[in-house]
Structures are given as structure tokens and as C-alpha cells.
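A.B. asks: give me the fold of what follows.
(one chain, ligands or ions: 1)
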Amino acid sequence: MSSATKEIKTIGVLTSGGDAPGMNAAIRAVVRRALGKGLKVYGIYRGYDGLMEEDLKELSAQDVSDTIQKGGTVLYTARCAEMRTPEGQKRAAETCRKYGIEGLVVIGGDGSYRGAQVLAHQGINVVGIPGTIDLDISCTEYTIGFDTSVNTAMEAIDKVRDTSTSHERCSIIEVMGRNAGYLALWCGIANGAEDILLPENYDYDEQRIIDNIIDSRRRGKKHHIIINAEGVGHSASMARRIEAATGMETRATILGHMQRGGSPTAKDRVYASIMGCMAVDLLIAGKSERVVGYKNGKFQDFDIDEALAMVKGIDPYQYEIATAMSGGYSKTSGAKALNDETL
Ligand code: F6P
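C.D. replies: Here you go, the predicted structure:
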């Protein structure tokens, strides 16, 4: 970690990677906190792409008004492959120097922090804010967007459940999360799913799911909800196989990008606002290569290297709760044991 303490006068803020509801609240907080402390602040459009292409604008407090309630990101975002190349990194650092950007707030996930680290090694102070619906950043129990996303998915799954019950069907509902199962686990608990399939411990024993469906049907259950994580995937083919094996009509629903949109919940607005202000305060204090997080009931900051090196697993106790509530796969299967890692 850089220990250099320099007085910062100008900062930039960008969003990078997949968008997440609440990112606008974080941007707004960064801008207003910075202006309130006498700093100049640039909004950088389209993530690192915009930094390389000098797609940026000095922002006023007014520029971020009427944004806290909006989904998406007003700065737009991108997954920037070029930021992994030395040429791209050089161009990004040059833009910072050209505009006098001495501090940069990066709102995004792990991949975005790697880009930030590179800039830090070129003398730009950087602070990351966790922004992703996936909740897959190891140093923090909260990431901007997860709360909204899980509520959006939960409402959608309730609706699927209604029609599933009417038609006495089995429904496999696939939720996002890339390689992480948090969205699936939370939806599984919140929606009272019969089965929850997580990439962290699914053992691909489909026969066990089939047996569970047949058994619950025999006991008079009208529907069978399986929450399948994106990291397990293959919901459509799974549905075909389950229908053939059980005789129960089975449909697959992939919720997809609707989970990334929508007006942020109060939690996402408030936590994102706090994290945005904290990021600016860290830069003002001369800190660099830090990630803002929420852990053990408080907001704190972590060294980027350490944050990136941390391993995150599904909390075994939360999984146990899910299994205790469900009647299916999660309860009876030999799902692989989870490591003793907590959220
Ligand atoms: O990281 C957020 C996320 O929505 C993941 O859950 C998903 O795997 C991925 O982004 C989808 O990315 P894209 O919008 O680029 O298809």
C-alpha cells in the first residue's frame, strides 16, 4: 500500500463492470462530499474506457441532483479489456495527469480494483467502493446493489410461484451472481424454495432432485421451486430432464438483467451514500489503495491487496438455515461441504 500523503485538490469518480442499483447514490455522495470539502471533481464516463478516451466532465452538485432514486449509473459503465494492457494503463494514467486528477474513486468489483491498483502504482491515489449485485467481494458483507437485486428477484420469483402452483408445475428459476451463490441463497430463503443450487457446493446429483420432486408430489405439494444460481446454469436442459424423469411439467425461467435494474432500496441508497463520503474522506486523508467495506457491523476500509487476496465463501450457517427451511435437495443431498468461511 502506498503510504504517500499528498494534499488532493482534484478527484475523479467512475463506475466500472456490471452496473448495480445504488451506484448513483454513491456517485452523488462522492461529488457532494468532494465539493463540500473544496475539491474539484470529475465524473468519468464509461469506466476505464472513458478515462482512456478523456470522456469526462467536471461535475457540480446540481449535476447529481435527481439521481439517488435512479437505477443504473449516470456515468455509464464498461468492462474494459484494454485496462489490462500496459498501453491502456498508460493512457488512463496520462488522462489523470492531464486533468490534474490526483485521487480516483472506483465504484465496481474486484476486476475494477485491479485497474485502480495499476493507477496507484503510477502515483494516483485510489479508493474502491464495492458495487456489484453479486456480493462477491471478500472484504465486505455488503456490496452496493445486492439488496435491491435480491428484492427484485424475490418479487419476480413470488410471481413465478403463483403460476407454478396454479399449473402444478416445477419451476427452475435461474438468478444471477456469476460464480457466487449469494443471490441464489438469499432468494432461496426469502422465497421458500424447495431446492437451492449453488456453485459453491452443488454436487450435480440430479437424481436426488428428481427423487425429492417425486416425493413432495406424493405428499401433495402443488409446486416445486428450484432456485438455480447462474454459476450452476443450464436451467433449460435441466428442466427438460426433470420433466422427463418426474412427469411433472417443468419450466425454466432465467431472470437475467432485470435483476440489475430498478430504483435502489433504502439500504442501497444509504449505504452507498456513506461509502461514497468515506471514499472521499480517505482520499482527503492522503490514503490510497483502500477499499471501503462493511464488516462486523461497521464501515471500514481495507488495503486493496489484502482485499483482493481474501477468499469469500458462503456462510455455512446461512446455508444450514436454508436447508432447514427447504424440503428438497438442499436438505437431503450430499451437497459438498462448505468451507468454514463466512460472508
Ligand atoms: O457482476 C454482475 C453480473 O450481473 C453477474 O451476475 C453476471 O454474471 C454478469 O454481471 C453479467 O454480465 P453482462 O451484463 O456483461 O452480461
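
A.B. asks: give me the pLDDT for the closest residue to the ligand within the stretch 1-150 of the chain.
C.D. replies: Using Cβ to the nearest ligand atom, the closest approach of the stretch 1-150 of the chain to the ligand is made by G18 at 3.2 Å. C-beta coordinates here come from the backbone N, C-alpha and C atoms, glycine included. Looking at G18, its pLDDT reads 97.

A.B. asks: OK, contacts around it?
C.D. replies: Counting by Cβ atoms under 8 Å, 6 or more residues apart in numbering, G18 touches T77, R79, G109, T132, I133, D134, R260.

A.B. asks: for I137, see how far away the third one is.
C.D. replies: Translated: G109. 6 Å (Cβ to Cβ, to the nearest Å).

A.B. asks: need the residues of the stretch 1-150 of the chain near the ligand, please.
C.D. replies: Within the stretch 1-150 of the chain, the positions near the ligand by Cβ under 6 Å from any ligand atom are G18, T132, I133, D134.

A.B. asks: and the residue lying closest to R269 once chain neighbours are set aside, how many neighbours?
C.D. replies: Nearest in space to R269, with sequence neighbours left out and distances taken as Cβ to Cβ, 6 or more residues apart in numbering, is A25 at 4.5 Å. If you count neighbours by other Cβ atoms under 10 Å, A25 ends up with 25.

A.B. asks: what segments of the protein are strands?
C.D. replies: Counting by DSSP state E, the chain has strands at residues 10-15, 40-44, 56-58, 103-108, 125-130, 170-175, 195-197, 224-229, 250-254, 290-295, 298-303.

A.B. asks: reformat the ones you listed as CSV; add distance to I274, mean pLDDT and mean neighbour count.
C.D. replies: Shown next, in CSV, are the strands of the chain (distance: least, Cβ to Cβ, whole Å; pLDDT from 0 to 100; neighbours: other Cβ atoms under 10 Å):
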stretch, distance to I274, mean pLDDT, mean neighbour count
strand 10-15, 15, 98, 28
strand 40-44, 18, 98, 24
strand 56-58, 24, 98, 15
strand 103-108, 13, 98, 30
strand 125-130, 10, 98, 30
strand 170-175, 27, 98, 26
strand 195-197, 31, 95, 29
strand 224-229, 29, 96, 28
strand 250-254, 33, 98, 19
strand 290-295, 9, 97, 23
strand 298-303, 6, 97, 16
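
A.B. asks: dump those to CSV, plus distance to Y271.
C.D. replies: CSV is the format used below for these (distance: least, Cβ to Cβ, whole Å):
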stretch, distance to Y271
strand 10-15, 16
strand 40-44, 21
strand 56-58, 26
strand 103-108, 12
strand 125-130, 10
strand 170-175, 21
strand 195-197, 25
strand 224-229, 24
strand 250-254, 28
strand 290-295, 7
strand 298-303, 8
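
A.B. asks: what residues sit buried inside stretch 25-42?
C.D. replies: 25-35, 39-42 (16 or more other Cβ atoms under 10 Å).

A.B. asks: from R178, how far out is the residue sitting furthest away from the middle of the chain?
C.D. replies: Outermost residue of the chain with respect to the C-alpha centroid, by Cα atoms, centre = their mean, is R218; its distance is 38.8 Å. R218 is 36 Å from R178, where distance means Cβ to Cβ.

A.B. asks: can you list the low-confidence ranges for the stretch 151-300 of the chain?
C.D. replies: When residues are selected by pLDDT under 70, none of them lie in the stretch 151-300 of the chain.

A.B. asks: which residues in it form helices?
C.D. replies: 182-190, 206-218, 235-246, 266-284 (DSSP state H, counting those that start in this stretch).

A.B. asks: so which of these is the most surrounded?
C.D. replies: Mean neighbour count, computed with mean count of other Cβ atoms under 10 Å, is highest for helix 182-190 among the helices of the stretch 151-300 of the chain, reaching a mean of 26.
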